[in-house]
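[1] give me the fold of what follows.
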Amino acid sequence: MAAPRTVVVWRRRLGAAMRIVFAYGIIGYATLYGPMWIRESVSYSAFSYLTATLIVSEATLGDTVRETWHAIVGTCLVMGPSILSLRLIGQVQFTTNMAAVLVAVGAFWVAFPESVPLMSKRIAFGQLVIVYVGTVIKGATTDVVMHPLGVAASTGLGAFASVIAMLLPFPHLAACEVTKRCEEYAENAIDRMNLYMKGMVAEESSTVLELAAEAKLLSESAAKLLRIIRKYQDGMMWEVPHWRLLRPDFKNPAERLQEVEVSLRGMEMALTSRTQKAHDAVDQELKEEFQVMARNLTQKLEQIQTSLPFSSKVRVQNTNDDCSDEKPLPLNICNTQHHRSLSFFLFCIKYLNKESQSVPQNHEKPEAGGVENNNIIKWIRRLLPGHNSLVFAIKCSLSLGLAVLLGLTYKKERGYWAGLAIAVSFVRKRQATFWASNARIQGTALGSIYGVIGYFICHRYTSLKLAFLLPWIVFTTLLRHSKMYGEAGSISAVVAALLLLGRAGYGTPTEFAIARSAEACIGLFCFVLVEVLLQPERATSLSKEQLSRCFGTINQFMGIIVTLCLSHMKLDSAVPEPSVQEEKVKLKAEINQLRVFVEEAKAEPNFWFVPFQGDSYNSLHRSITKIADMLFFIASAVELLNQEMQKSGEGWRDNQEQISIDIELFKNKISTCMEYLEEATSTDRSQHEQKDKQKADSTDLELGKQHTSSKYKIPTIDDEEIENILITFLQHARDVTNSYQAAQNPEVRNKMLLSLGCIGYCMASLVTEVREVETLVIELVRKQK
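    Below is the predicted model of the structure:
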């Protein structure tokens, strides 16, 4: 019997907390009770704790090995230049201004290359701050070689403790985590598929609604499982580094499961359409077909369960000999809306069947020259930074340099913490700056208060101070998953308490806590200031621009579908065959970027601006995601239909031309609406409105009349025209099915029927979603005014 979800979550998070405790315990024991040579070498135990915090968190052994290697890379980037600069300048001439300049230059040197991992940059930033600020504080007594090496030794101790912690009490392997989540996802997919099939053949509407609600909960759980798999699958390669070399055709588990998820999402759409409209009973023949398909797909999903994550493809043995004798489907399966939903559901099953089947392995190695050239080109592109890398490098350089300058000016002996507060906070992508800074300040305050209280309770016994940290570490591990604090606040909270309870010889705890909090506020102020100056665009404006860009990309993808029809169906040699997969990736990336901007905009303060309409943008994101899914299904159905028609003889050309014309007419109607939606949500729309107003308000001198400006309005889809296109398409679909009624191969005939039904269903559903988007955009534009 599976454990309840709450128990599983608690077990996972408590396990992560215990591994953090192991890492901190190793560092604390080594720096407080370890051999003298370790205590003398590790001169900055605080940075050891900080390194372990960055590496361990909720990582696996593979993740920890990867981040440890990144820490080594960051250390190598800093040690040579820092020793050279200290030797050239000298300890006596090393001033506050000099330290700020060198930190800024070193930060730019580390941050500019795109090929350097983010963890390496964070570690290097922290080392730069400690090396140069420590030289200012110690002055002439600084050893130009041993001082940087002490920082490197502190980093090494934190990384070493992190790796050991991942092995206690038993190795926490990414491969085990991914395998377990893949098994859970396969069970989830089987349960959802059975619910969808029961819902499609159910005769009572209440039963359909109940099954749809239960399947929706499972769908949310599946999305969380996929996120966990994506999180851990990279670490799996560091645990078995030779696997990718032995299996060049290796495909990430999350990517392969996402293909299954697309089909299941299509089944959910078909079931949802049955809950919204009245439906007829399903034929007994189709019910039997559903049962056969359910058994076959259950077997294949069970084999996915045992094959992932290390198999390149799922090898499926067909245990049902009757499956090869496929029965012909009824010809009316794509005539009405009810039958189109059934045909779309069956198409999704076939699509899932195709994605789950074994594919013959082709172990022929690609041409070595081509692969090497591509790898060299990619490597060169990574070495040549772009505009984003330049902005990131300038941002890191100015923030750290200014933080070190103001931190040393405020309190020289505590000047480390202004720079360290932001050294480990940089990310390449945009983030909710004000929210993250607020979370770090609050986390620092909470951790400092807890540390001071713990010190005065247990100050006589060092072991009790370390034990007093245990509940706080568990609490901050849980705090990491809260919306209020997140990872930024939880790291600040645990580090603030660690610096008070896990070290010795830093002075009065109250004074240290107050001084460090002030320094952290100085550093975060510099971080926010530089972020606002270099990237003044608000996430609200970026969300609006990205929404407009999504509409444009959807319009382009619909053009790709039409081009696919022209290149295949009309056999027009002048029309090149488009790369559908590349366009799919592009559209998915645009939609994901919209989600990122919306989440950031919801977290940022409004100030004097109009409040961000987060609910409207969330609804638009859901509708756009559905539109993209339906376009993906249309593209897949068009490709399958073309393949099967070409197998059927010489009479396929006329039918294909008629269907391609229908799709092109439908695309033109939807594209017109998408163009206006793109313009309505564009940030340049105000300029267009101003020009239109000038034209509309112009006075006709001859007639002596003045035209008033018309209000901006999105043209809605003409229901009658769209209905005529759909009726025409259905008529042509019936012509195709009638012409292949006597086909000898029922498998080919069934694929054609399901493809036509899928296209018809998606076209009708697409109209519904576009109308919903129209309503949401009009509402959004009115609210923003």
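[2] all helices of the stretch 551-700 of the chain, in order?
    580-603, 614-646, 652-680, 685-696 (DSSP state H, counting those that start in this stretch).
[3] geometric centre of this protein: which residue is closest?
    Nearest to the mean C-alpha position of the chain, counting by CA atoms, centre = their mean, stands Asn592 at 6.9 Å.
[4] where does the stretch 501-650 of the chain have low pLDDT?
    566-578, 645-650 (pLDDT under 70).
[5] and the longest helix belonging to the chain with helix 652-680, angle?
    Looking across the chain with DSSP state H, the single longest helix is helix 746-784. With axes from the mean of the first three to the mean of the last three CA atoms, to 10 degrees as the basis, helix 746-784 and helix 652-680 are set at 10 degrees to each other.
[6] which other helices and strands contact helix 746-784?
    helix 253-276, helix 337-356, helix 614-646, helix 652-680, helix 719-739 (3 or more CB pairs under 8 Å, 6 or more residues apart in numbering; DSSP states H and E). C-beta here means a position set from N, CA and C on the backbone, and glycine is covered the same way.
[7] recalculate using a threshold of 6 Å.
    helix 337-356, helix 614-646, helix 652-680, helix 719-739 (3 or more CB pairs under 6 Å, 6 or more residues apart in numbering; DSSP states H and E).
[8] relative to Gly507, which of those is closest?
    Comparison of the helices and strands packed on helix 746-784 against Gly507 by CB to CB identifies helix 614-646 as nearest, at 45.7 Å.
[9] what about Pro536, how many residues close to it?
    8 (other CB atoms under 10 Å).
[10] next, Arg428: secondary structure please.
    Here Arg428 is recorded as coil under DSSP: H, G, I helix; E, B strand; the rest coil.
[11] ah, wrong one, I meant Phe170
    coil.
[12] next, it: phi, psi?
    phi -150, psi 160 (degrees, to the nearest 10).
[13] just give the number of residues close to it.
    Other residues close to Phe170 by other CB under 10 Å number 8.
[14] do the same with the one 3 residues further on
    Neighbouring residues of Leu173 were enumerated by other CB under 10 Å; the total is 18.
[15] do you know how far it is from Glu239?
    Taking CB to CB, to the nearest Å as the measure, Leu173 and Glu239 are separated by 6 Å.
[16] okay, and the common contacts of the two?
    Common neighbours of Leu173 and Glu239, counting by CB atoms under 6 Å, 6 or more residues apart in numbering, are Leu61.
[17] if we can go back for a sec, any idea which of the helices and strands packed on helix 746-784 is most buried?
    Greatest average neighbour count among the helices and strands packed on helix 746-784 goes to helix 337-356 (a mean of 23), per mean count of other CB atoms under 10 Å.
[18] any idea of the mean pLDDT in that helix?
    For helix 337-356, mean pLDDT rounds to 71.
[19] use 474 as the first number from now on
    In the new count, where the first residue is 474, that last one comes out as helix 810-829.
[20] please enumerate the helices of the stretch 574-723 of the chain.
    591-611, 619-639, 647-674, 678-712, 716-719.
[21] please name whichever of these is nearest to Ala577.
    helix 591-611 (9.3 Å).
[22] mind listing what's buried in the closest one?
    Buried residues in helix 591-611, counted by 16 or more other CB atoms under 10 Å: 591-610.
[23] other SSEs contacting it?
    Short answer (3+ CB pairs under 6 Å, 6+ apart): helix 591-611 packs on helix 534-562, helix 569-584, helix 619-639, helix 889-896.
[24] so where's the stretch 1124-1258 of the chain shaky on pLDDT?
    Across the stretch 1124-1258 of the chain (using pLDDT under 70), the flagged ranges come out as 1124-1129, 1156-1192, 1209-1221.
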